[in-house]
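Asker: fold the stuff below for me.
(3 chains)
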Amino acid sequence: MSSNKLTRATQEPAWVRYTLLTVGLGFLFFFLGLPLVAVFVEALAQGLPIYLEALKESETRSAIWLTIVIALAVLPFNILFGVAAAWAIAKFEFKGKSLLITLIDLPFAVSPVVAGLIFILMFGSQGYFGGLLAAKDVKIIFAVPGMILATLFITFPFIARELIPLMQSQGKDEEEAAISLGASGWQMFWRVTLPNIKWGLLYGVILSNARAMGEFGAVSVVSGHIRGETNTLPLHVEILYNEYNAIGAFAAASVLALLALVTLVAKTIVEWRMKAETDMLNAELPGEKT
Amino acid sequence: MSAKSQRVLPGFGLALGYTLVYLSLLILLPLGGMILKASELGFGQILDIALGERSLAAFRVTFVSSLLAASINAFFGLIVAWILVRYSFPGKRFVDALVDLPFALPTAVAGITLATLYAGNGWLGQYLEPLGVKVAYTPLGIIVALTFITLPFVVRTLQPVIEDIETEVEEAAASLGASRWQTFVKAIFPAIGPALLTGFALAFARALGEFGSVIFIAGNLPLISEIVPLLIISKLEQYDVLGATALAVVMLAISFVLLLVINALQWWAANRHKNSEPLEVAAGKTKAGAA
Amino acid sequence: MTHFRKSIATVLLSLVAGAALADATLLNASYDVARDVYKDYNPMFQKHWKANAGESVELKQSHGGSTKQVRAVADGLEADVVTMNQANDIEFLAEKGLVAKDWAKKFPNNASPYTSAMVFIVRKGNPKALKDWADLAAPGVQVIMPHPKNTGNGRNTYLSAWAWALKQPGGSDKTAQEFVGKLLKNAPLFAAGGRDATTTFMQRGMGDALITFESEAEMIAKEFGKGNFEVVYPSLTMQTEFPVAVVEKVVDKKGTRKQATAYLEYLWSKEGQENAAQNYLRPRDAELLKKYAAFFPPVKTFTVDEVFGGANKAFATHFKDGGTFDQIYVAK
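Answerer: Got it, this is the predicted structure:
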């Protein structure tokens, strides 16, 4: 009887489960599934060969690579910042914490066009540092460094914001225990903190990665749109669409969707391996909680 | 106790220091530059730009539709995160994978695709328009676009937190006689509440600035369906960088205040949860109810 | 893998400015639908320049919204030449000192090597019998156009309607504004851009008429099929210009003045003009215009200079904040 009671309180009744499933999946179908299907339908409107042909264009391919290069370039910065900020905010008490979090959120509220504009105001030839850069002949905007900067700005909050609520809900008991047992700071981080936050970190990486690859507005302002050189995939999509090459545009967009899926496949593999590891551990240590 | 734990855990100075330096260089310095630029106009002129009839209408449209989109996502996002973590159903991995796609898709593609779906002859529009529901080229279209664009936020902030809730807590609540609903309200919801608010705040913030997808579905009629970012573009089309930065600064100031309120609320909720020890409350309530 | 290396190389190269493999490299900053024109033109010029000056020249293209492009040039995008679709955009660069003040006189025909005209695209068979601007303002007609304040295409439409109303018997600025107001009331939406307006009209089936460049009609045929629409030439419409200019500051810095000037001059050559005609843009060359008469039916046009006293003035009167467009929507 007691186990029956336990299920009753740890699981929703069947009708609730089915309702939630229907509502949740229905919402995803209408707001996510259909638009995605529509993108692929447009991309494949004239069949697979034309779709593949559209992707063979050298400008499209160089745009794909530039997109990946920029996404990879911003990743280490975002991870480092995200973990540091979340550590300070979630594990310690200090004055002005809400203010700090709000400042971290701020890049989201800045319209992408404005995000690009602020870097023009800084580094453009009429900008605050424009003269200095021109004198040293260093190019930041209308070149890849500017595009990386704009992408960093746009993806700034993701990992930190993903980790803060997670680390907050985990509390600091485990880390404190590790330290009081004599672990060094790094040992504590690698053995306790990182394993605890790995899923949150991964979600954050996937999100910021997707956003970095899909960003249009901010990058568009600082790119200069030189074909084959400073066009990322989203910028190339716009150009193709404007040139009445809808197949090419939607094909390129579908590549972005697929690129986002790649990171998710990576996540699934990691997940699967970790599960295998814990299963092994479980087998070795019967009765231990994982 | 908090003073002691500050001493116990290492890395506070390093982590906060790095956070502040990086934040200052990448975010505060450029935004400060923008405010400096806008200040060339003077306060009165900035107000004139912000309080024009068209600007006011655009601010209203932008904030109201962002709020609604974030609310829609908070509600459905909670359900989606819950079923993705707790239930198993065929194709779950695939569905989980799809959630991030609104970020990867360039916003313009999202806007074009949504406008095509919801236009009078679109897959969805053809059924909605006979019912008198016009989505494409109305303010409703703006909400649809913003809901799509911000969909991942709530789901992805909730997922790790829900995964982290230890079933022991629920089992304990159950063994103390709590019903499932009581367990949810008294034990689970307080644990995920802060994350839900975070997701809401992020979705809201992101919606405020969104431009690329909205212009394709909004219709862009002055006073009716123009959003603030469109007015900023409009200023830039007039080579009026100052006017554009002025609007951007006003937008930034309002967003900042709203986010600050949401974040303070979130922090308050998190601490309240920590202090009130929800399990005992849940158990106590049930006992009281039984007695 | 080569592309990956190339991207890395691009990253590195962009840090070290001015690396070029050809004798000279030109960057042409252009409006967003100019690709077809310059895709064919660039190899022609490269051949021509090799034959005449013995130099190889590398040509790079940048495409984007016209105003956005000139702002980028003003902010440091190192384009040697600008080839735009709005004169006020080049005026802006002239004000900034990047382009010669008398840029319009540096090349023939107001520095515009080809032109187009604003036309109506209507549904097959023209079911609502839309013949002229007055028909578009009639009750019950829906007109699709891009945003008149934010897009060049939309501004041309607005000014065309205005000029037509002005030239009617008893026409004045007041009647013109009333007329344009009536026309705008028939717009159920303002599209994000020219291409978006086309998609809205053709694919989503909205509206009775789409107003766009004559040259777009062929692009629309390419994408949506020729038999699905008809082109209507109104009794008076705007001759749209596509002004070009050398960016003085950049060519002086890079030492590419000679090549940049030749690149633009060659647009007026027989080959350059024929290329424009093949892309459905009206060539300045009278003989070629006759040869391609099938593409270009006679139409009565006006220029912005004639009716509005210049692109800058037209822009200030109608599209700046508080201009006639705003007056139509906002009472005060």
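
Asker: give the buried residues for stretch C:322-331.
Answerer: With burial defined by 16 or more other CB atoms under 10 Å in any protein chain shown, the residues of stretch C:322-331 counted as buried are C:323-326, C:328-329. No exception for glycine: its C-beta is placed from N, CA and C like everyone else's.

Asker: and those residues near chain B, which?
Answerer: C:326, C:329 (CB under 8 Å from any CB of the partner chain).

Asker: okay, now the closest residue to A:S254 other than its chain neighbours: neighbour count?
Answerer: Residue nearest to A:S254 in three dimensions, not counting chain neighbours: A:A43, with 4.6 Å by CB to CB, 6 or more residues apart in numbering or on different chains. Residue neighbour count, defined by other CB atoms under 10 Å in any protein chain shown, stands at 24 for A:A43.

Asker: wait, A:A43 touches A:L258, no?
Answerer: No. With contact defined as CB atoms under 8 Å, A:A43 does not count as touching A:L258 (10.7 Å).

Asker: quick one on the thing from earlier: with pLDDT, distance to C:S62 and secondary structure added, can I get the buried residues of stretch C:322-331 in a markdown table?
Answerer: Formatted as a markdown table, these follow (pLDDT from 0 to 100; distance: CB to CB, whole Å; DSSP: H, G, I helix; E, B strand; the rest coil):
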| residue | pLDDT | distance to C:S62 | secondary structure |
| --- | --- | --- | --- |
| C:G323 | 93 | 30 | coil |
| C:T324 | 95 | 33 | helix |
| C:F325 | 95 | 29 | helix |
| C:D326 | 92 | 31 | helix |
| C:I328 | 92 | 35 | helix |
| C:Y329 | 87 | 34 | helix |
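
Asker: any idea how far apart the tips of stretch C:27-39 sit?
Answerer: Across stretch C:27-39, the terminal residues are separated by 13 Å (CA to CA, to the nearest Å).

Asker: do the same with stretch C:278-286
Answerer: 15 Å.

Asker: chain center to it, what's the gap?
Answerer: The chain centre lies 14 Å from the centre of stretch C:278-286; the measure is CA atoms, centre = their mean, to the nearest Å.

Asker: can you check stretch C:35-47 too?
Answerer: Worked out by CA atoms, centre = their mean, stretch C:35-47 lies 18 Å from the chain centre.

Asker: which residue ranges of the stretch 51-200 of chain B form helices?
Answerer: Secondary structure of the stretch 51-200 of chain B (DSSP state H, counting those that start in this stretch): helices at B:53-86, B:92-98, B:101-104, B:107-118, B:125-128, B:139-164, B:167-175, B:180-183, B:189-209.

Asker: quick one, which of those helices is nearest to chain C?
Answerer: helix B:53-86 (4.8 Å; CB to the nearest CB).

Asker: buried stuff in that closest one?
Answerer: Here helix B:53-86 shows B:54-55, B:57-59, B:61-63, B:65-70, B:72-74, B:76-86 as buried, counting by 16+ other CB under 10 Å.

Asker: list the contacts of the residue of the stretch 1-150 of chain B found nearest chain C.
Answerer: With CB to the nearest CB, the shortest gap between the stretch 1-150 of chain B and chain C falls at B:A119, namely 3.7 Å. For B:A119, the contacting residues are B:125, B:136-137, C:200, C:204-206, by CB atoms under 8 Å, 6 or more residues apart in numbering or on different chains.

Asker: ramachandran angles for it?
Answerer: B:A119 has phi and psi values of phi -70, psi 160 when expressed as degrees, to the nearest 10.
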